[in-house]
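> got a predicted structure plus its sequence, pasted below:
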Amino acid sequence: MTAMTETKPKARWGAVLAPVLIDLVAPLLIFYVLRQSGVGVVGATLAGSVIPVLRTAYALVRDRKIDWMAVFMISALAVGTIASLALHSPRMLLAKDGVTTALCGLWMLGTLLAGKPLLLSIGRGIAEAKRGKGGGEVWASRWETEPRFRHGLRLITAVWGVGLVFDAVVRVVIAYALPLDAVPGVTTAQWIVLFVLLYGFMMLYSRKNDLLA
């Protein structure tokens, strides 16, 4: 058994689920509370969108370093919101998260073509957080020496990339097919299911193939 298998599942799940709950549940509650109070779809959606932005901005300030993924998410959210308001389209505003997840998915798939999958840099960061810079370097060095390690990270990255693109398609279809007030609840539910499937697959596969950072 390697040092990479010495993990704490509860801490890892908590670290992953906390931002998910903040970014999904809080905006959803805000949306429906405001809708019940008579606020329009656009206003309620924008109010809920503030929560993920504030959480991401706080993380950037707290960590005192540029997290390009976080910057990307904020930028994508801002562009989608501006475009929706410019076109006066509530449905586009509700579908904007689909554009964000599509871009994230395509980015992950693009890193495969670039030579090194996104999961390699993410895993290295996790290993460094757990065991210091040396631990991160040891984990990442397996990329150069273990074909099975490379295959595993490529596979997980591909699954996440395809899953996020699929999520984007579903979000857009839901945004334009269902009643406006039903869209946030349905898209949140489908994302939770998809996230659990993707994350569950990643953890099971990583444990089985000794890929955990």
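Thanks, I have it.
> residues near Pro179, how many?
7 (other Cβ atoms under 10 Å). From N, CA and C alone the C-beta is placed, and that goes for glycine too.
> quick one, what contacts it?
Applying Cβ atoms under 8 Å, 6 or more residues apart in numbering, one finds that Pro179 lies in contact with no residue.
> so what's it scoring on pLDDT?
Each residue has a pLDDT score; the one for Pro179 is 93.
> need the phi and psi values for it.
Here is the backbone geometry of Pro179 (degrees, to the nearest 10): phi -60, psi 150.
> against Arg91, how distant is it?
11 Å (Cβ to Cβ, to the nearest Å).
> and stretch 150-166, what's its mean pLDDT?
Taken as a whole, stretch 150-166 carries a mean pLDDT of 95.
> mind listing residues that contact it?
Contacts of stretch 150-166 with the rest of the structure, by Cβ under 8 Å, 6+ apart, involve 101-102, 104-109, 111-112, 117-120, 123, 143, 194, 197-198, 201-202, 205-206, 209, 211.
> at 10 Å instead, please
For stretch 150-166, contacts defined as Cβ atoms under 10 Å, 6 or more residues apart in numbering pick out 98, 100-112, 116-120, 122-123, 142-144, 146, 194-195, 197-199, 201-203, 205-206, 208-211.
> out of those residues, which are buried?
Buried members of these, counted by 16 or more other Cβ atoms under 10 Å: 98, 100-105, 108-109, 111-112, 117-120, 122-123, 142-143, 194-195, 198-199, 202-203, 206, 211.
> quick one: which of the contacts of stretch 150-166 sit in helices?
98, 100-112, 118-120, 122-123, 142-144, 194-195, 197-199, 201-203, 205-206, 208 (DSSP state H).
> what stretches of the chain score poorly on pLDDT?
1-21, 59-60, 63-88 (pLDDT under 70).
> and the gap between the residue of the chain most remote from its centre and Ala44?
Distance from the centre of the chain peaks at Gly38, with 31.0 Å (Cα atoms, centre = their mean). Gly38 sits 10 Å away from Ala44, going by Cβ to Cβ.
> next one: Ile51
Taken as Cβ to Cβ, the span from Ile51 to Ala44 is 12 Å.
> what residues are shared contacts of these two?
27, 30.
> helices or strands up against the host helix or strand of Ala44?
Assigned by DSSP states H and E, Ala44 belongs to helix 41-63. Applying 3 or more Cβ pairs under 10 Å, 6 or more residues apart in numbering; DSSP states H and E, we find helix 41-63 packed against helix 9-36, helix 68-86, helix 90-114, helix 183-208.
> now that helix and helix 90-114, what's the angle there?
40 degrees (axes from the mean of the first three to the mean of the last three Cα atoms, to 10 degrees).
> determine the angle, from 0 to 180 degrees, between helix 41-63 and helix 183-208.
30 degrees.
> and helix 41-63, what's buried?
In helix 41-63, counting by 16+ other Cβ under 10 Å, buried: 41-42, 44-46, 48-49, 51-53, 55-56.
> just stretch 25-40 next, same as before
For stretch 25-40, a neighbour-count test (16+ other Cβ under 10 Å) marks 26-28, 30-31, 34-35, 39 as buried.
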